[in-house]
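Engineer: Fold the following.
(2 chains)
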Amino acid sequence: MRDLGIYVHVPFCGRKCGYCDFYSVKWTKQAAVDYTAAVLRNIRHYSEPDRMVDTVYFGGGTPSLLTSKQIGDILGVIRRSFTLDSQAEITIEANPCTLSSEKLSELRNTGINRLSIGVQSMIDSELKILGRVHSSERAVQAVLDAQSAGFDNISCDLMIALPGQDIESLRYSAEKLADLPIQHISAYILKTEEGTPFDCDDIKRRLPDEDGTAELYLEMVRLLEERGFMQYEVSNFAKKGYESRHNCRYWKCGDYLGIGPAAHSCHNGRRFAVERDITGFISSETQQVTVTDESPCGFEEFAMLRLRLKEGLRLSDTGEHRADIERKLPPLISDGYAESDGERIWLTPKGFLMSNSVIEYLVF
Amino acid sequence: MANDKIRNFCIIAHIDHGKSTLADRILEKTETVAIRDMEDQLLDNMDIERERGITIKARAVRLKYTAQDGEDYIFNLIDTPGHVDFNYEVSRSLAACEGAILVVDASQGIEAQTLANTYLAIEHDLEVVPVVNKIDLPSADPERVCSEVENVIGIPAMDAPRISAKMGTNIEAVLEKIVTDIPAPQGDPEKPLKALIFDSYYDSYKGVIIYVRVKEGRVKVGDNIRLMATGAVFNVVEAGFMDASNLVNSGSLEAGEVGYIAASIKSIGDTRVGDTVTNDECPCDEPLPGYRKVNPMVFSGIYPADGAKYGDLRDALEKLQLNDASLSFEPETSIALGFGFRCGFLGLLHMEIIQERLEREYNLDLITTAPSVIYKVTMTNGEVQYIDNPTNYPDPALIQTAEEPMVKASILSPSDYVGNIMELCQDRRGVFKDMKYLDDTRVELHYELPLNEIVYDFFDVLKSRTKGYASFDYEMMGYVPSKLVKLDILLNGEVVDALSFIIHTDKAYARARKIAEKLKDNIPRQLFEVPIQAAIGGKIIARETVKAMRKDVLAKCYGGDITRKKKLLEKQKEGKKRMRQLGTVEVPQEAFMSVLKLDS
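Structural biologist: Here you go, the predicted structure:
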């Protein structure tokens, strides 16, 4: 039986950031209580006691708004409903402001062993534009406190192509972040999502243009790798051995079970999504899902996901498509988008920047 | 009905001066159309006509009017197209009338088109009845406009009806003017049949319906008629007139009348506008003057954006041709665009109309190549070739002489714009012939111009450089030797045949640079850099580059929402189907279209 990852979507935020289009609602104490109860019911519903779970991921929203007790209860039910690997990677996303020393120790005690902290930038004026409530100082403190609390697998988010950002300010943020005692960095290019407050002329006008964004991305890759954070995916960088095992499930067509409103699953041969509705989630015995794919991980999807990874795509895994791919490959290599050793092909940072076009050209 | 109770007339107006609205009001006042059946601007049948505010095909409607003198009159209102491409059709429509209502906007006064068509009407001996429209506008100045009509055109206008077609104000005055001012038709019904074809269209049940003005004699159901230019003979099945919405088969038509004939005519090619209909057994001595065969002068390749729609495009062209004898087409193949048709048009507007009808009425996505004229090429071996497709232009080494078609152009304009016009004509390789002052303020210029210089956008540019006041007409004058070259466009080193065209040597460099720039603006940045080159023979004369795109990435992983990611790439792939794949280069349709309009 394939091992499993569990993703718990915690849709609460103290406030919504201007760029975010993930599903989230205002946190209240009662909602968090009701929500936790619903999560427990659902985990029991999907129970497979013999199935090995080796990653758990609390994403959001702001999962650190749940109490340590609530987190602990959820992990407890996972342990009782599945076989939780003793070496499992158990991650929680957290806002720096929610990470007091006390909270960090408590989280550590529940079994959480990996933190993903939403730092985003080390420049306060940029944080303010993003609508983040924390300061860079607070972010640094949260990381140091986490280290003191015993966390040795810490990831921080970094955003690039922010309004007004230039090479200098990016360098400042990236270097500052890389110098912290952390092991992993997720670096995302800001995308203005339709319908978010960032989807307005005032913001868009100040965004770096296409070429500027490309320069920022390439410079960031260079800076991070120089400091030992090796790129292993389009937006992810890690010190050796600290690649996110949970996220790698997404890119390697592994199984993952999503619990909570707006959570996605690839579970027992189907992809499905939970309705974006906290009220419905709380009131239903089991979460309402929509199947989005009855036969996931076909060739296109498999190749699309593999090419997001630095390790790339093994040509021997491409079957009947191999000849077509090898025919299309030379211009990609000569233009510096991809590299190949004859057995695998993988994208360069320049190729990652163009990964939609490259993948569509090569695979679709 | 006696001829003295018939009035045959048309309406002349500049675009937007209210021709169609006035026609509607006349139909309404004569109760030809029950009010509840009224749809705004009934005469213009086609959507495109309504949207562009122009009338493309002439139509004729019979109306009954009881005048203030107590008598019943029959009005035949003949609608006319209003663009230079259809000048010949206009002249045939005018030849079917005794009078023309000249509609002038009370605030804007006389404009170019009005003048050109008014002169055309006067040339045909029509009685011109001026009407001042839009008096409801705050800026209306009917007195000024009336004296302008008197001064510029030289017809009395001080007692012209002041109306508002939109509000329905004073429409009766127009109807009375038609009765009192426009002469009744002449013609002897006992003489041999002599009728002018001024329009025709294809009806899927009755075959070709021809619109005629009977000048002499009569025609009735059962007669054998002969169309004199083509010699074709048909048996008349129906003869009658058209009310506002139906053909009414009255059984016969007599001298002075306007109506239609149906005679099981299969092909519209037999029924040429301007031809004379006579009786086969008892023919008239000679046809009516003024007939000429209309030949397409502008050619372009039309291709379906989706190659699978080739059959649909052929069907659509066949259907359009049923109603439009001036449209010609034959299959052609392009390396860049696949299977399509080389189509012939009267002019650029005609081309645009056909294209728009294909897209709108037949739901086709099209790519159209740059318009070309017919070049006459004499080979070194003495063989003469006529080239209407630049792709077929021979190797220059094999050409002895190349010739291009010239036109005699006449331009009427207020004298203020003479400088601008001369500059334009010079730029278009025009040869100045003469200039005449019509009065203190208006001039007529004569130029000889190469047709290929006017098929693109000459009329548009002329209008913009003369604030819309100049009018323009031309007639073919034959071929003259010319220094022509074929200009090729290369994308990523490959010649794109659909973008090649023939041009005068002196203009090749400037045009090449402009096209390269246009393409650069219209080809989106993509995965691979796109070099754009323009070349004559093997020599590159212009170059631009579309730089490779730098960023096209979904950075986030959306909590494992892989389906969304995959759909996005599928959508991206789908979007590119609207583009032409030339090697690794993706060329959107807009890029092909953009080179058509270099000056805009």
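
Engineer: Only C-alpha atoms from now on, for both contacts and neighbour counts.
Structural biologist: Will do.

Engineer: Nearest residue to the residue in the stretch 251-364 of chain A that chain B sits nearest to in space, please, no chain neighbours.
Structural biologist: Closest to chain B within the stretch 251-364 of chain A is A:Met354: 4.5 Å, counting by C-alpha to the nearest C-alpha. Closest residue to A:Met354 apart from its sequence neighbours, by C-alpha to C-alpha, 6 or more residues apart in numbering or on different chains: B:Asp552 at 4.5 Å.

Engineer: Count the neighbours of the one you found for me.
Structural biologist: 18 (other C-alpha atoms under 10 Å in any protein chain shown).

Engineer: Would you point out the helix or strand in the chain whose mean pLDDT is lowest?
Structural biologist: Going with chain A. helix A:201-204 (a mean of 90; mean pLDDT, DSSP states H and E).

Engineer: wait, chain B
Structural biologist: Going by mean pLDDT, DSSP H and E, chain B bottoms out at helix B:47-52, a mean of 46.

Engineer: Given the next helix or strand after it, what are its sheet partners and their directions?
Structural biologist: Moving toward the C-terminus from helix B:47-52, the next helix or strand (DSSP states H and E) is strand B:60-66. Strand pairing for strand B:60-66, using DSSP bridges, gives strand B:72-78 (antiparallel).

Engineer: how far does the strand ranked longest in chain A sit from the chain's center?
Structural biologist: Longest strand in chain A by number of residues, with DSSP state E as the criterion: strand A:83-94. The chain centre lies 15 Å from the centre of strand A:83-94; the measure is C-alpha atoms, centre = their mean, to the nearest Å.

Engineer: That strand near chain B at all?
Structural biologist: No - if you take C-alpha under 8 Å from any C-alpha of the partner chain as the test, strand A:83-94 misses chain B, and the best it gets is 11.8 Å.

Engineer: That strand - contacts with which helices or strands?
Structural biologist: On a contact count with 3 or more C-alpha pairs under 8 Å, 6 or more residues apart in numbering or on different chains; DSSP states H and E, strand A:83-94 meets strand A:52-60, strand A:114-120.

Engineer: and of those, who's closest to chain B?
Structural biologist: The nearest among the helices and strands packed on strand A:83-94, by C-alpha to the nearest C-alpha, is strand A:52-60 at 7.6 Å.

Engineer: How is the closest residue to chain A within the stretch 151-300 of chain B assigned, secondary-structure-wise?
Structural biologist: Residue nearest to chain A within the stretch 151-300 of chain B: B:Ser300 (32.5 Å; C-alpha to the nearest C-alpha). Of the three states, B:Ser300 takes strand under DSSP: H, G, I helix; E, B strand; the rest coil.

Engineer: mind checking how far it is from B:Ser328?
Structural biologist: Per C-alpha to C-alpha, to the nearest Å, B:Ser300 is found 11 Å from B:Ser328.

Engineer: and for the two, which residues touch both?
Structural biologist: Overlap of the contact sets of B:Ser300 and B:Ser328 (by C-alpha atoms under 8 Å, 6 or more residues apart in numbering or on different chains) consists of B:343-344.

Engineer: Same drill for these two, tell me which one is more crowded.
Structural biologist: The neighbour comparison of B:Ser300 against B:Ser328 (other C-alpha under 10 Å) goes to B:Ser300, with 23 against 19.

Engineer: so who does the more buried one touch?
Structural biologist: B:Ser300 neighbours (C-alpha under 8 Å, 6+ apart): B:342-344, B:368-372, B:389.

Engineer: ok, of those, which one's closest to A:Leu127?
Structural biologist: Using C-alpha to C-alpha, B:Thr368 comes nearest to A:Leu127 of these, at 51.4 Å.

Engineer: Around that closest one, how many other residues sit close by?
Structural biologist: 26.

Engineer: can you pull up the bridge partners for it?
Structural biologist: The partner residues for B:Thr368, given DSSP bridges, come to B:Ile302.

Engineer: Which strands or helices does the least confident helix or strand of chain A pack on?
Structural biologist: By 3+ C-alpha pairs under 8 Å, 6+ apart, helix A:201-204 packs against no helix or strand.

Engineer: quick check: mean pLDDT across the helix or strand just after it?
Structural biologist: Using DSSP H and E, the helix or strand that follows helix A:201-204 towards the C-terminus is helix A:210-226. On average, the pLDDT along helix A:210-226 is 97.

Engineer: does chain B sit close to helix A:210-226?
Structural biologist: Yes - on the criterion C-alpha under 8 Å from any C-alpha, helix A:210-226 is in touch with chain B at A:210-211, A:213-214.

Engineer: Equivalent analysis for stretch A:253-272, please.
Structural biologist: Yes - contact of stretch A:253-272 with chain B is found when judged by C-alpha under 8 Å from any C-alpha, involving A:263-265, A:271.

Engineer: can the residues you listed go into TSV with extra columns for pLDDT and neighbour count?
Structural biologist: Shown next, in TSV, are the residues of stretch A:253-272 next to chain B (pLDDT from 0 to 100; neighbours: other C-alpha atoms under 10 Å in any protein chain shown):
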residue	pLDDT	neighbour count
A:Ala263	95	26
A:His264	95	29
A:Ser265	96	28
A:Arg271	95	25
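
Engineer: Show me the two of the residues you listed that sit farthest apart.
Structural biologist: With C-alpha to C-alpha as the measure, no two of the residues of stretch A:253-272 next to chain B lie farther apart than A:Ala263 and A:Arg271, at 10.8 Å.

Engineer: hey, what's B:Asn235 bridged with?
Structural biologist: Taking DSSP bridges as the rule, B:Asn235 bridges to B:Asn224.

Engineer: gap between the residue of the stretch 301-450 of chain B found nearest chain A and B:Val149?
Structural biologist: As assessed by C-alpha to the nearest C-alpha, chain A sits closest to B:Asp306 within the stretch 301-450 of chain B, at 18.9 Å. Note on B:Asp306: its distance to B:Val149, by C-alpha to C-alpha, is 52 Å.

Engineer: More neighbours: these two, which one.
Structural biologist: B:Val149 (23 against 17).

Engineer: Point out the other helices and strands that the host helix or strand of B:Tyr386 packs with.
Structural biologist: Per DSSP H and E, B:Tyr386 falls inside strand B:384-387. If you count contacts as 3+ C-alpha pairs under 8 Å, 6+ apart, strand B:384-387 packs onto strand B:375-379.

Engineer: Can you show me the CA trace of the strand it packs on as CSV?
Structural biologist: Output of strand B:375-379 as CSV, limited to C-alpha atoms (Å, rounded to 0.1, in the frame of the first residue of the first chain):
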residue,chain,number,x,y,z
TYR,B,375,0.3,42.5,-62.5
LYS,B,376,1.2,41.9,-66.1
VAL,B,377,4.5,40.2,-66.6
THR,B,378,6.2,39.6,-69.9
MET,B,379,8.7,36.8,-69.7
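
Engineer: okay, now the domains of chain A?
Structural biologist: Annotated domains of chain A cover A:4-250, A:299-363 [automatic domain parsing].

Engineer: Nearest to B:Gln426 among those domains would be which one?
Structural biologist: domain A:4-250 (43.8 Å).
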